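K.L.:
pasted the sequence and its predicted model underneath.
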Amino acid sequence: MSTQNKLMTNWRWWICSLLFVATTVNYLDRQVLSLTYEEFIKPEFHWSDANYGTITSFFSILYAIACLFAGKFVDWMGTKKGYLIAIGVWSAGAVMHAACGWATAHLGGFDSVWAMRAVEAGSNAALAVATTSVYLFLLCRGILALGEAGNFPAAIKVTAEYFPKKDRAFATSIFNAGASVGALAAPLCIPPLAKALGWEWAFIIIGGLGFIWMFFWNFMYDKPEKSKHVNEAELEYILQDDAADAAEKAALAQEKSIPFTQAFKYRQTWSFIVGKFLTDGVWWFFLFWAPSYFSNQFGAPATSFKGQALIFTLYAIVTCVSLIGGYLPKLFVEKKGMHPYSGRMLAMLLFAFLPLCSLFAQPLGVHFNSPWWPAILIGLAAAGHQAWSANIFSTVGDMFPKGAIATITGIGAMAGGVGSMIIQKVAGNLFTYAENAGSAFRFLGFEGKPAGYFIVFCFCGIAYLLAWTIMRVLVPKYKPVEL
């Protein structure tokens, strides 16, 4: 074996690097709109925050629905073709955003995009421009959501193909780090591109990265047993679990699956639904609205160095702090001797306190007249979400047999998508109403749009403790489901 190890190729790690790049591009593509909205998209198309809320809520729910079917699509098409189609679709959707200005002007009967931009704010012409452009952006975001839903199912499938079980968690952590890298890189590259070349080119260049990735994927990927880059020693290493897998598959064949309608009969299902419904939207709210918040409240647009530094700092905190999400339950179980489910629920309770930081983000930001307080506190709140999210999926495996996990997970993902859709839509309408009402709209010492932000921050702060409490009431102690 030592001789084989010396001669073993390492092609599996090159494949893992492709998954990392794809995940990074995935996250970059979904952030172009949020980082160009306030300074470029909003004034050009005469949008209100309600318009933006409609678009982000639509993306959230369609992405959640598509995730239910993306895995089956990849299985049906095969890993190579399935991944190519997924990234091809989302890259096309990303690039198509750039044509929305031209298409809006053409459909509205304007001679040029410049003539469309020059219409009087608040006029019927401006309303027509806003309405037409929103529908065009909805089309593009829909295509983006459909394609992006295929990234994680395909990447997880590739990991299972190219890595033995003992290495899969490490490989997954590597490619999943692309989400954090994408979040960190986005504020450093997207606003400068939009400022230097126009917002359209930000969509084209970032979206075009996916097509470059497709070229490398097409020539680099093949199943390990067919790949000319994988030698016999590496193939033997990759397939070392085959005998155990055969026994496991035989055992799984004896397990019962769960009909979709029957899943709702269990309190454990509703516990997971509530946990996802109340909390998923918080993460998406911070992702889509943080750049606009820093620009509106503190005059730090995403194209400024300060605005970029704020977003970078926020996600750097998320990346670093959320690493404890997987370690804390392990500590409780191994060091304290707790039952895995009890240890996970205790960890989730502790994580549920971190989002309370968002309650102080705006008061401290206004009191010290500094956006750094909100950036740090929102970063801690978002890190709490990531740590919470890493554990709530595991509660399904704690309580349900393997044959039911996929069904319950899909139901929870849908619940999270519905929750996200609601918070995006409500936030957009609330911000538009509060801005128009001005000083007539008040909440806990804030007025106008700042009051609207504070209302949503308050919900974000308490959502996790509320969710944990309801989950605990529904399932007060560990009780596995028997089908």
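P.N.:
Cool, the structure landed.
K.L.:
now do the helices in the stretch 51-200 of the chain.
P.N.:
With DSSP state H, counting those that start in this stretch as the criterion, the stretch 51-200 of the chain has helices at 79-96, 100-107, 113-117, 124-148, 151-162, 165-197, 199-220.
K.L.:
for Ala352, give me its contacts.
P.N.:
Gly384, Trp388, Tyr464, Leu465, Ala467, Trp468 (Cβ atoms under 8 Å, 6 or more residues apart in numbering). C-betas here are computed from N, CA, C, even on glycine.
K.L.:
quick one: the helices of the stretch 51-200 of the chain as TSV, columns for distance to Cys357, mean pLDDT and mean neighbour count too.
P.N.:
Below are those laid out as TSV (distance: least, Cβ to Cβ, whole Å; pLDDT from 0 to 100; neighbours: other Cβ atoms under 10 Å):
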stretch	distance to Cys357	mean pLDDT	mean neighbour count
helix 79-96	32	94	21
helix 100-107	36	93	19
helix 113-117	39	85	16
helix 124-148	29	95	20
helix 151-162	28	85	22
helix 165-197	18	84	18
helix 199-220	30	96	18
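K.L.:
adding distance to Phe286, write the ones you listed out as JSON lines.
P.N.:
Formatted as JSON lines, those follow (distance: least, Cβ to Cβ, whole Å):
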{"stretch": "helix 79-96", "distance to Phe286": "21"}
{"stretch": "helix 100-107", "distance to Phe286": "25"}
{"stretch": "helix 113-117", "distance to Phe286": "30"}
{"stretch": "helix 124-148", "distance to Phe286": "18"}
{"stretch": "helix 151-162", "distance to Phe286": "20"}
{"stretch": "helix 165-197", "distance to Phe286": "11"}
{"stretch": "helix 199-220", "distance to Phe286": "20"}
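K.L.:
for those, which one sits closest to Leu239?
P.N.:
helix 151-162 (9.9 Å; Cβ to Cβ).
K.L.:
can you give the contact residues for that closest one?
P.N.:
With Cβ under 8 Å, 6+ apart, helix 151-162 has contacts from 12, 15-16, 19, 22-23, 26, 67, 70-71, 73-75, 79, 82-83, 86-87, 90, 168, 171-172, 175, 221, 223-224, 238.
K.L.:
am I right that Val74 is in contact with Tyr83?
P.N.:
Yes: between Val74 and Tyr83 there is a contact under Cβ atoms under 8 Å: 7.1 Å.
K.L.:
within the helices and strands, which one has the nearest residue to Phe446 once chain neighbours are set aside?
P.N.:
Distances taken as Cβ to Cβ, 6 or more residues apart in numbering put Phe454 closest to Phe446, at 4.9 Å, once the chain neighbours are dropped. Remark: Phe454 resides in helix 449-474, with elements defined by DSSP states H and E.
K.L.:
for that helix, buried residues please.
P.N.:
Burial within helix 449-474, assessed by neighbour count using 16 or more other Cβ atoms under 10 Å, is assigned to 449-457, 459-461, 463-464, 467-468, 470-471, 474.
K.L.:
same deal with stretch 68-75?
P.N.:
Buried residues in stretch 68-75 (16+ other Cβ under 10 Å): Leu68, Ala70, Gly71, Phe73, Val74.
K.L.:
stretch 30-48 now?
P.N.:
30-42, 44-48.
K.L.:
same check, this time on stretch 430-439
P.N.:
Leu430, Phe431, Thr432, Ala434, Glu435.
K.L.:
do the same with stretch 419-433
P.N.:
419-421, 423-432.
K.L.:
so what's Arg472 up against?
P.N.:
Counting by Cβ under 8 Å, 6+ apart, Arg472 has contacts Met345.
K.L.:
and it, how far is that from Ala352?
P.N.:
11 Å (Cβ to Cβ, to the nearest Å).
K.L.:
state the mean pLDDT of stretch 380-396.
P.N.:
On average, the pLDDT along stretch 380-396 is 84.
K.L.:
just how off-centre is that stretch within its chain?
P.N.:
13 Å (Cα atoms, centre = their mean, to the nearest Å).
K.L.:
returning to that earlier point: separation between the residue nearest to Phe446 and Asn436?
P.N.:
Taking Cβ to Cβ, one finds Phe454 at 17 Å from Asn436.
K.L.:
next: Trp217.
P.N.:
Counting by Cβ to Cβ - Trp217 and Asn436 are separated by 48 Å.
K.L.:
quick one, strands of the stretch 201-350 of the chain?
P.N.:
Read by DSSP state E, counting those that start in this stretch, the stretch 201-350 of the chain holds no strands at all.
K.L.:
pLDDT below threshold where in it?
P.N.:
243-257, 323, 325-326 (pLDDT under 70).
K.L.:
go again using 80 as the cut-off
P.N.:
Scanning the stretch 201-350 of the chain for pLDDT under 80 picks out 241-260, 322-331, 333-337, 339-341.
K.L.:
dump stretch 468-483 to CSV, restricted to CA.
P.N.:
The C-alpha coordinates for stretch 468-483 follow below in CSV (Å, rounded to 0.1, in the frame of the first residue of the first chain):
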residue,chain,number,x,y,z
TRP,A,468,-35.9,27.1,18.9
THR,A,469,-38.7,27.5,21.5
ILE,A,470,-41.4,26.2,19.1
MET,A,471,-39.1,23.3,18.0
ARG,A,472,-38.6,22.4,21.7
VAL,A,473,-42.4,22.6,22.4
LEU,A,474,-43.1,20.3,19.4
VAL,A,475,-40.3,17.9,20.3
PRO,A,476,-39.5,18.3,24.0
LYS,A,477,-37.1,15.4,24.1
TYR,A,478,-35.5,13.0,21.7
LYS,A,479,-38.1,10.8,20.0
PRO,A,480,-37.2,9.1,16.7
VAL,A,481,-39.9,8.5,14.2
GLU,A,482,-40.8,4.9,13.5
LEU,A,483,-42.4,4.3,10.1
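K.L.:
so which of the buried residues of stretch 30-48 are in helices?
P.N.:
Arg30, Gln31, Val32, Leu33, Ser34, Leu35, Thr36, Lys42, Glu44, Phe45 (DSSP state H).
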